[in-house]
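Trainee: Below is the sequence, then the predicted model.
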Amino acid sequence: MSYLEVLRAAAPETVLTITVLMVLAVDLIVLRGQSVARRFGTGAMVCILGCLMASIFTFTHYGDADPLHGLLMVNPLTNFLKLMLLVLAIFTVLISVSSKFTEHVGEYLAMILLATIGLMLLVSAEDLLMIFISLELASLSLYILTAFNKRNARSSEAALKYFLFGGMSAAFLLFGLSLLYGLSGSTNLPEIAANLAAKGLDPLLLVAIVTTVIGFGFKVAAVPFHLWAPDAYEGAPTPSAAYIASGSKVASFYILAKILALGFAGAAGSAAWHGYVSGWTPVIAVVAAFSMVLGNLTAIVQTSVKRLLAYSAIAHAGYVLVGVLANTPASLSALLFYIITYAFTVIGAFGVVAMVEEATGSDALANFAGLSRRSPGLSLCLLVFLLSLGGIPPLAGFAGKFLVFSAAAGADEGHLGLLWLVILALLMSAVSFYYYLQVLKQAFVLDAPENTPAIKVPPVMMLTLISLAGLVIVLGCAPGLLLYFL
Amino acid sequence: MLAWTIYISFIGVVLLMLLPREAARAARIIALLTAIVGCGVAFAGAMQQSNPGEVTTIVKVPWIPAIGATYYLAADGISLVLVVLTGLAAIAGILFSWNIERRTKEFFAFYLALIGGVYGVFLSFDLLLLFVFYELTIIPKYFLIARWGSTRKEYGAMKLALYSFVGSHLVLIGLIAAWVVARAQTGHATLDLVALSQVSFPVSFQHWVFPLIFVGFAVLAGMWPFHTWAPTGHVAAPTAGSMLLAGVVMKLGAYGCLRVAMVLFPEGVRMWQNEIAALAVIGIVYGAGVALVQRDFKFVIGYSSVSHMGFVLLGLATLNTIGLSGAVLQMFSHGIIAGLLFAVVGRMVYDRTHTRDFNDLQTMQLGKLLPFAGVTFVLAGVASMGLPGFSGFVAELQVLMGAWKVFPKTTLLAGVGIVVGVAYTLRAIQKAFYSDLPPAQSGHNHPLESISTPERIGAIMLIAASLIIGLFPGLLLNWIQPCLNSPLFERLLKGGPL
């Protein structure tokens, strides 16, 4: 192992770390005393340049590398996921450019990048220690991002709630991981699996499975560990919420699938109807089923669009977990497709919400009334994003759902063991259509109160939203473009 | 060539969106031109097809190789019939919504998006593609009704959207299951309808998956007891909306039943044949009975749609050539006639009098004030009753002949439905147009706006279509019947009497 090799493998993260320092320095030294908009613009430019540099390094690295024995795995898939995380970070920065909730511009942007670094390391980790450390780096940054709106008490409340829940779940996760280490004598996932294979289903292993699932269930906001999500989404500054809902989800789902499929390889069990075998899949199946049902049913009664998106995120976590527990190569690429396209969609949706919030003062459902008149562009983007979340073809959300559910139903070669989950998921997704339509009804059917002015959308924001919407449409019509890399 | 029907419609949508907000007139003209070109392409493409009996590929390129989905557009005679119907209905709908002044361009954009989706369903021979187009129609339907509709429009629109969505999700469940089982059996993943129709699915599998897909589609075809969206949806919709709902959207459901559920799972149909026939006949009689006691003019037509679609389902359940060809012909015929009926009620009467209540209409002497509307409604009414010379007669006769061979008792009940059909149509004609009650003393002194040219053209076009098919049913039967003798339907009709 040479350090040069490590540096080369960690080049994107390194570039990003330098960018963090630069953003802070530029904001502190060069931009002192300038207007917030100016500082945001320049800072964002630095961030985006850094992200682009880092993404070049995700391309140029050749082949597979494993310089630190599982601490930092580099292969085409992790590189592609890092690229996606960088793109998501760029979009998050872009939708925060026009916001006015903070004067600490440099710190805010730096936190977004730090979270990205954590998530990127998480994606390439195959070692319990590294997984935990990078997860904490990402989580701590996200807690801070949530609390960033210091003028709003709800932001602090949300952050505190997020932090307390997060700390608790980190403790659970650490407990589970320590059991895993104790049982197998290793922190490396494939080695753990090899050592556990000889032992069968130890009761301690079951405890480890459950606590690990609790830890990650919190990260991905699955029922019953979802309670933080609605408050955090609602209270956090909108771009922060967008990043929590997108980037952090992509990495967390990938690593959850990896730990379960790789680390607990021998203890999968089966969640098939009439074919129950204990292991981690039944645990995930229960969590998935509850997430889909509770998330969708609770979303119906929400009047805040951000809360609605939070509950819909819980439901989507349920759908993705169906992909996790199918546990085949096809289902892994399907769930990555799903979660990546979901991330783009949800950033876009939050972008629209941010604009409406800025123009009307809140994200209440009623404030979307007449949006199609007040800003046709914004309302068309919202249409694309919400319909994609609802799973209407030919948008990316539908392609993702079809891929995940067909992979899950086909996981056991024609026996349709997991069809019960697919049926539940599809029926629940029919329910979800109702609340997405409620928002669209406000925007397209109802009229705004008299004399409401048109909403002015900054050109950068509009371009970002249009490109996200375009991405959602293109990936829905031609899923092959993305599937090719997964 | 036929694929251009889809593309042209969506090009029309884009053009409309680019128009400035005020350009209502330009929007109408663009929409009309788009529909006319689409209809022209549909006719030309249909004429071009040399052998309507076989599935003629239009485009077939890989789409999502990972799951075996292809972008596969094709047409056989049954698709041709429905594509032509869609073309006609699209033009008529635009002619009858010439008076839309509020947000005109958006109205026509949603309208053409709906039409494009419908063309797509009728031309898709890949299951996923068909499903994509099928769901694509839900959103425009919702907005057309919720935004431009009348009576309880938001409720009606949401009900329709949710019924459609739940139905299509039942279909999706069945579709995924069928995909998995077919892959396990043949070793490779495919969603190609023609290829899947050659797979022999296990009989026990067919028994449960067939009703799932059939009911999923039949929701949209207005099968009793899942029809309740139809009256409320039709009544809430703007005129063009109800014309399209009854004219083509309900056909989507019936088409899906035939094209997907029945062709893929012949054993499933045989198991559930009697139940389907029973539900169909209940629909016929119930729809007719309820239509007989309505006070709202539009509800009469709404329930009559449920009743007439019952004939389509009954025809499908017969599983013999004559019944099936009757069912397809009835889809066409009902599409034309129901469109016309809704046009009279919604555009000619309601837009002028602002009431659909028979008690009010009775006092208005509409037969004298709007003679053209009266005559049109009488013609459409007798066509709807199934008078010889109109398309409805040939279609329903074939369905009844087919059904008589398989379930005679049920067929007698369907006959009762026809008699009631005559009753409610006559009642509606009498109450709405030719009542002999003395005119009300107060109000309505201002003369009603006379019937406009677009309305006249649209009405004459639809009446002519119904008459031509009624007098020369061979025009369409020459497309339909070779299909039913093609390999695609071989397993379905095997053993059934001809």
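Mentor: That came through fine.

Trainee: Give me the phi and psi angles of residue B:387.
Mentor: Backbone torsions of residue B:387, given as degrees, to the nearest 10, read phi -80, psi 140.

Trainee: That one against residue B:393, yeah?
Mentor: Yes - with contacts counted by C-beta atoms under 8 Å, residue B:387 reaches residue B:393, the gap being 6.1 Å. Backbone N, C-alpha and C define where each C-beta goes, glycine included.

Trainee: Same drill for these two, tell me which one is more crowded.
Mentor: residue B:393 (20 against 14; other C-beta atoms under 10 Å in any protein chain shown).

Trainee: Distance-wise, check residue B:38 relative to chain A.
Mentor: 20 Å (C-beta to the nearest C-beta, to the nearest Å).

Trainee: which residues of the stretch 51-200 of chain B fall in strands?
Mentor: Taking DSSP state E, counting those that start in this stretch as the criterion, the stretch 51-200 of chain B contains strands spanning B:56-64, B:69-75.

Trainee: Within range of chain B, give me the residues from the stretch 251-400 of chain A.
Mentor: A:330, A:333, A:372, A:387, A:392-394, A:398-399 (C-beta under 8 Å from any C-beta of the partner chain).

Trainee: how about 6 Å then?
Mentor: A:392-394 (C-beta under 6 Å from any C-beta of the partner chain).

Trainee: List just the nearest of these to residue B:208.
Mentor: Distance to residue B:208 across these (C-beta to C-beta) is lowest for residue A:393, with 25.3 Å.

Trainee: ok, which stretches of the stretch 201-350 of chain A are strands?
Mentor: Under DSSP E, counting those that start in this stretch, the stretch 201-350 of chain A gives strands at A:270-272, A:275-277.

Trainee: highest average neighbour count across these?
Mentor: Most buried of the strands of the stretch 201-350 of chain A by mean neighbour count (mean count of other C-beta atoms under 10 Å in any protein chain shown) is strand A:270-272; its value is a mean of 23.

Trainee: What strands line up against that one, and which way round?
Mentor: Here strand A:270-272 has these sheet partners by DSSP bridges: strand A:275-277 (antiparallel).

Trainee: will you turn the strands of the stretch 51-200 of chain B into TSV that also has mean pLDDT and distance to residue A:100?
Mentor: What follows is the strands of the stretch 51-200 of chain B, written out as TSV (pLDDT from 0 to 100; distance: least, C-beta to C-beta, whole Å):
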stretch	mean pLDDT	distance to residue A:100
strand B:56-64	89	43
strand B:69-75	91	46
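
Trainee: Does at least one residue of the strand or helix carrying residue B:217 sit close to chain A?
Mentor: Element membership of residue B:217 [criterion: DSSP states H and E] is helix B:203-221. No - Helix B:203-221 lies apart from chain A when judged by C-beta under 6 Å from any C-beta; the minimum separation is 8.7 Å.

Trainee: For that helix, give the mean pLDDT please.
Mentor: Per-residue pLDDT over helix B:203-221 has a mean of 92.

Trainee: counting contacts, what elements does the helix or strand following it pack onto?
Mentor: Per DSSP H and E, the first helix or strand lying C-terminal to helix B:203-221 is helix B:229-236. Other elements packing on helix B:229-236 under the criterion 3 or more C-beta pairs under 6 Å, 6 or more residues apart in numbering or on different chains; DSSP states H and E are helix B:153-186, helix B:297-318.
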